[in-house]
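>>> task: produce atomic coordinates for the following.
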Amino acid sequence: MSINSPRYQGWHIQPNSQNAHMLDSYVNASKTLHQLVKMGITVTELHLGSVHPVITVQPTAETKKLKGVMVRSINRSGTRSAIYSAMMNQCRIEWENRYVH
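Numbers count the residues shown, from 1 in each chain. The predicted structure follows:
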């Protein structure tokens, strides 16, 4: 979506072009949140502020449908866990799997 999009026509004040990426980010995050909720996935956190918002979800059987890849491994007090990530609508979706062997 761009500043010249019909969505912004009729506004009394046109948004400045420096914020266009934030408006796009917000729209993409909203679309992704709705899709995740329809899939039955619980969203625990949303971080806006970059071109690709980060959405943190609870790991369930439904998150396997996102076909994420392991992006990092964490060792907390001897317990290993892995952070998985997948992209949807230009948003990064992340979840932690604590049962890594």
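>>> so in the chain, which strand runs the longest?
If you go by DSSP state E, the chain has its longest strand at strand 79-88.
>>> other SSEs contacting that strand?
With contacts defined as 3 or more C-beta pairs under 8 Å, 6 or more residues apart in numbering; DSSP states H and E, the packing partners of strand 79-88 are helix 20-39, strand 69-76, strand 91-97. C-beta: built from backbone N, CA, C; applies to glycine.
>>> of the ones you listed, which is nearest Val57?
strand 91-97 (5.0 Å; C-beta to C-beta).
>>> now that closest one, how far from the centre of its chain.
Distance of strand 91-97 from the chain centroid (C-alpha atoms, centre = their mean, to the nearest Å) equals 8 Å.
>>> what does stretch 52-59 give?
In terms of C-alpha atoms, centre = their mean, the centre of stretch 52-59 is set 5 Å apart from its chain centre.
>>> could you give me the buried positions within it?
53-57, 59 (16 or more other C-beta atoms under 10 Å).
>>> give me the subset of those lying in strands.
54-57.
>>> just these now: which is nearest Ser85?
Val54 (8.8 Å).
>>> give the contact list for the closest residue to the closest one other than its chain neighbours.
Nearest residue to Val54, sequence neighbours excluded (C-beta to C-beta, 6 or more residues apart in numbering): His47, at 4.4 Å. Going by C-beta atoms under 8 Å, 6 or more residues apart in numbering, His47 touches 53-56.
>>> same question, Ile55
Counting by C-beta under 8 Å, 6+ apart, Ile55 touches 29, 32-33, 36, 43, 45-47, 91-94.
>>> also Trp95?
Contacts of Trp95 (C-beta under 8 Å, 6+ apart): 56-59, 63, 68, 83-84.
>>> if we ignore the residues flanking it in sequence, what's nearest it?
Using C-beta to C-beta, 6+ apart, the nearest residue to Trp95 is Pro59, at 4.4 Å.
>>> what's the one you found sitting at in phi/psi?
With angles defined as degrees, to the nearest 10, Pro59 sits at phi -70, psi 130.
>>> could you do Gly49 as well?
According to degrees, to the nearest 10, Gly49 has phi 130, psi 0.
>>> any idea how many residues pack against it?
Gly49 has 8 neighbours, counted by other C-beta atoms under 10 Å.
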